[in-house]
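# Predicted structure and sequence below. I'll ask about it afterward.
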Amino acid sequence: MFCLLMVASIVSIPPSSVAETSGILVESDLTWSNDMTITENVRVVDGGSLTLSNADFSVSDGVEIFVDTNSSISINGATVSPSLLDESDDSTTILPKILCLHGGGDSATIFQSDPAMQDLIEAVSEFEFIFVDAPEEGGLWIRDPPGGKDEGTSDPDWADTSISFLDQYISENGPFYGILGFSQGAAMVPVYLAQSSFTFEMAIMFNGYMPTTHHGLIEIIEQNAPFDTNSLIFEGEQDPFAYGSDELAGNFSSPRHVISNDADHHLPFSSDDAFGEVVDFFAQSASTSELEAIGVGFSLIIDGQMHTSNSTITGADISSSGSLYINNTALDRVGPIILSSDDSSIFLEGDSSFSNSSENHDLQARAFSKIEWGENVTGSAGLTNKWERRVAGQSLVFDAIFVTYEITGMYEMELYTNFSNQDGISFIDGGKERIVEIAWSDDISNSGPIWTEQAIVSVTEYRTAWNPASSSIGNYGGGQFQLSWNSTIFANSGTPYISWDSLRAVDSTGMVVNQTPLGTSLLMEGIVTNSGSAAASFAISCEEVGTGADAQISPSFPSALVDPGQQGAITFEWRSSLLGAESLNCEILTPTQLADATAFGGGAMHSNEVTWVEDSNDGDLTFVPAIIALLVGASIGGYFLLSIYRENNSEEEYNKDPDGQS
């Protein structure tokens with residue numbers, strides 16, 4: 001070992017590389033062709049190229065080899081593997097630990113000594129099983145409701161005592177690679193996963209069930225499920241609690257559900273036909289945990305290019321946003337290789353092979369990453385698929401709020417429903433990462449070699465003020481459409497878009513009117529176009545431009561119904577109470593349900609200017625009141641003169657004597 005380290009110290013800083021406090025910097029062409037141990041981080045940048053050629057390269061625990069977008073690394077005829085600790089030194093060998101939760105009313109000692117449990121411990125010696133006692137009285141993880149099991153509880157904190165106990169135990173004795181539960185211990189597993197910050201690589205539940213009488217706990221589980229933890233759920237067909245395993249499995253993304261024809265309420269014995277499936281599950285996990293058990297592992301982070309040929313790479317975490325060219329290369333305990341970008345690509349050629357990949361797939365790619373899997377390339381096989389494509393943070397963007405929809409055809413999700421938020425956005429499955437394509441292992445029998453998602457989005461309710469349920473217009477949104485793999489999907493089909501063409505004052509023949517007498521009603525005509533793909537029933541409001549006051553129009557809010565691809569007319573009458581030039585500014589009233597007020601179009605339009613004048617007939621009639629006044633005055637004067645005359649005439653008659661003499 002001393003000689004090897006000396007070699008490494010000599011060749012790790014050649015003239016064409018630079019030693020930094022944080023590692024080795026490669027900025028030009030560099031070839032390493034001697035056996036060596038890489039003990040420092042390596043950065044290949046600025047067009048640099050690093051070649052590992054025809055030698056054995058051991059990489060120390062935690063070392064990162066990074067290649068930037070303009071650089072490359074080549075591995076030709078080489079072996080690249082972790083630097084293993086001295087396995088003869090028992091003090092440095094730590095097996096991955098499994099935290100074991102006994103059944104309700106039992107104890108750690110009873111569970112550990114159970115014959116079936118002993119069969120499992122003996123069969124999977126790659127793991128260390130740690131047994132703990134439940135903190136609640138009577139050996140319970142979840143205490144019974146105050147009124148008995150049939151009454152139930154609604155308290156989401158009902159299991160806090162056990163959660164706090166496990167948190168403290170793990171912080172003092174961890175880390176733990178997996179968690180295992182039997183009976184009530186199995187029921188405790190999803191409760192703990194939903195409420196603790198500690199995570200596990202695997203979860204194993206024997207003869208379990210969901211704590212359905214504890215409604216508060218169930219609600220928290222449902223808020224956090226499904227769990228991505230690699231999981232196994234075991235049930236015995238002779239177990240009276242067997243129904244609970246299906247409920248448990250429903251809370252995990254990709255559970256392995258093992259059913260024993262013979263088992264009762266206990267773990268499978270080594271003689272049980274289902275025992276081999278349980279052991280196989282541990283074996284799959286052991287292939288990835290072995291490196292963790294001896295405390296080693298290194299990373300290859302490729303933003304540029306990596307070329308390999310006739311080589312072996314063992315125990316590396318490989319992630320790439322660039323391009324990987326793998327030819328005649330054995331990849332052991334490497335998978336899944338992560339293609340972290342839609343622009344990533346991988347070309348697997350020749351007799352390249354995967355073995356002992358974790359997480360049940362050899363490759364994990366983004367939705368649009370390029371994957372070429374050569375004809376002679378072999379995967380880890382068994383239950384490990386070739387690749388998975390995934391999307392994360394996917395959202396539907398609607399123009400309106402509270403649009404409800406459902407999706408069918410997603411992986412392991414029969415039906416999904418949701419609605420758009422105040423911004424018109426709805427994150428599919430809360431934005432969680434989900435599988436959209438699986439290239440099955442050659443050992444798995446399915447309908448075809450590759451399953452590809454063909455999910456359908458159905459808009460179930462999309463109503464606004466322009467298409468209320470009481471109208472003849474149906475839901476907006478286009479009914480159904482295929483769910484794409486894009487991160488953001490704009491669901492704006494099947495909606496209207498209204499825009500102004502004109503707004504004019506017209507006469508009965510349609511000619512433009514520019515002047516009209518005060519006190520008359522003027523016919524106004526607005527022309528709009530619906531360039532969208534759905535009808536709209538909408539109204540407008542108008543104000544006078546000069547005064548800024550609401551216009552005197554009838555009806556107060558003129559409206560129209562315009563079909564998609566059509567023009568429509570809005571007609572109404574306008575009266576003004578002031579002489580002079582004036583025009584209207586009319587605005588389309590858009591639905592308040594829109595996340596963006598302009599999503600359906602709208603806007604305002606000015607009319608032509610109209611001059612309001614006095615009626616021309618008013619000047620010809622001004623003499624009429626004078627004539628009437630004159631006639632009335634003359635009548636009164638004549639009547640007065642006639643009265644005087646009659647009075648004088650009467651006096652004369654009165655002063656005559658009987659003989660007619662004065």
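Everything's here; your move.

# hey, let's count contacts and neighbours off CA atoms from now on
Fine.

# Gly494 contacts Ile473, correct?
No: the pair Gly494 / Ile473 is not scored as a contact, 11.2 Å apart, by Cα atoms under 8 Å.

# which residues are common contacts for these two?
Common neighbours of Gly494 and Ile473 (criterion: Cα atoms under 8 Å, 6 or more residues apart in numbering): none identified.

# Please enumerate residues in contact with stretch 576-591?
464-466, 518-519, 538-546, 551-552, 597-598, 600-614.

# Helix, strand, or coil at Asp280?
Secondary structure, DSSP: H, G, I helix; E, B strand; the rest coil: Asp280 is helix.

# typed the wrong thing, it's Asn385
strand.

# can you pull the contacts of it?
Asn360, His361, Asp362, Gly379, Ile438, Ala439, Trp440, Ser441, Asp442.

# so it bridges to which residues?
His361 (DSSP bridges).

# That one and Trp485: what is the separation?
According to Cα to Cα, to the nearest Å, Asn385 and Trp485 sit 21 Å apart.

# again, but for Asn467
From Asn467 over to Trp485 the distance is 30 Å, taken as Cα to Cα.

# who has more neighbours, the two?
Asn467 (23 against 19; other Cα atoms under 10 Å).

# The more buried one: what secondary structure?
Relying on three-state DSSP, one would call Asn467 coil.

# Name the nearest residue to it, ignoring sequence neighbours.
Ile473 (5.4 Å; Cα to Cα, 6 or more residues apart in numbering).

# Flag the shaky bits of the stretch 51-200 of the chain, pLDDT-wise.
84-94 (pLDDT under 70).

# the strands in it, which residues?
Along the stretch 51-200 of the chain, counting by DSSP state E, counting those that start in this stretch, strands occupy 56-59, 64-67, 72-76, 79-82, 97-101, 128-132, 178-182.

# Take these and lay them out in CSV including distance to Val279 and mean neighbour count.
Formatted as CSV, the strands of the stretch 51-200 of the chain follow (distance: least, Cα to Cα, whole Å; neighbours: other Cα atoms under 10 Å):
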stretch, distance to Val279, mean neighbour count
strand 56-59, 31, 22
strand 64-67, 33, 24
strand 72-76, 36, 23
strand 79-82, 27, 22
strand 97-101, 14, 24
strand 128-132, 14, 17
strand 178-182, 14, 23
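
# so can I have a markdown table of the ones you listed showing distance to Leu339?
Below are these laid out as a markdown table (distance: least, Cα to Cα, whole Å):
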| stretch | distance to Leu339 |
| --- | --- |
| strand 56-59 | 22 |
| strand 64-67 | 14 |
| strand 72-76 | 16 |
| strand 79-82 | 20 |
| strand 97-101 | 30 |
| strand 128-132 | 33 |
| strand 178-182 | 26 |
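
# Out of those, which gets nearest to Gly315?
strand 79-82 (6.1 Å; Cα to Cα).

# now that closest one: how far from the chain's centre is it?
39 Å (Cα atoms, centre = their mean, to the nearest Å).

# Point out the other helices and strands that it packs with.
Other helices and strands packing on strand 79-82, by 3 or more Cα pairs under 8 Å, 6 or more residues apart in numbering; DSSP states H and E, are strand 56-59, strand 305-314.

# So in that sheet, which strands flank that strand, and in what orientation?
Short version: by DSSP bridges, strand 79-82 pairs with strand 56-59 (parallel), strand 305-314 (parallel).

# Using CSV, write out every CA atom in it.
C-alpha atoms of strand 79-82 as CSV (Å, rounded to 0.1, in the frame of the first residue of the first chain):
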residue,chain,number,x,y,z
THR,A,79,-10.0,-0.4,-14.3
VAL,A,80,-11.4,2.3,-12.1
SER,A,81,-12.7,1.2,-8.7
PRO,A,82,-13.0,2.4,-5.1
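
# circling back to that earlier point, would you show me how to pick out the buried ones of the contacts of stretch 576-591 in ChimeraX?
Buried residues among the contacts of stretch 576-591 (16 or more other Cα atoms under 10 Å), as a ChimeraX selection:
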select :464,465,466,518,519,538,539,540,541,542,543,544,545,551,552,597,600,601,602,603,605,606,607,608,609,610,611,612
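
# Among the contacts of stretch 576-591, which lie within strands?
Judged by DSSP state E, the contacts of stretch 576-591 include 538-544, 552, 604-606, 610-613 as members of strands.

# quick one: which of those is nearest Thr37?
Nearest to Thr37 among the ones in strands among the contacts of stretch 576-591, with distances taken as Cα to Cα, is Ala604, at 73.2 Å.

# these two touch, right, that closest one and Ser502?
No: the criterion here is Cα under 8 Å, and Ala604 misses it with Ser502 at 10.2 Å.

# So what touches stretch 523-538?
So stretch 523-538 is contacted by 465-467, 473, 476, 493-508, 559-574, 588-590 (Cα under 8 Å, 6+ apart).

# Can you show me the strands along the stretch 501-650 of the chain?
Using DSSP E, counting those that start in this stretch, strands in the stretch 501-650 of the chain cover 515-517, 522-530, 536-544, 552-554, 559-562, 567-575, 580-582, 584-588, 604-606, 610-613.

# Kindly reformat those strands as JSON lines containing distance to Gly350 and mean pLDDT.
Output for these, formatted as JSON lines (distance: least, Cα to Cα, whole Å; pLDDT from 0 to 100):
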{"stretch": "strand 515-517", "distance to Gly350": "87", "mean pLDDT": "95"}
{"stretch": "strand 522-530", "distance to Gly350": "58", "mean pLDDT": "97"}
{"stretch": "strand 536-544", "distance to Gly350": "60", "mean pLDDT": "97"}
{"stretch": "strand 552-554", "distance to Gly350": "80", "mean pLDDT": "97"}
{"stretch": "strand 559-562", "distance to Gly350": "63", "mean pLDDT": "96"}
{"stretch": "strand 567-575", "distance to Gly350": "63", "mean pLDDT": "97"}
{"stretch": "strand 580-582", "distance to Gly350": "82", "mean pLDDT": "96"}
{"stretch": "strand 584-588", "distance to Gly350": "65", "mean pLDDT": "98"}
{"stretch": "strand 604-606", "distance to Gly350": "66", "mean pLDDT": "97"}
{"stretch": "strand 610-613", "distance to Gly350": "83", "mean pLDDT": "96"}
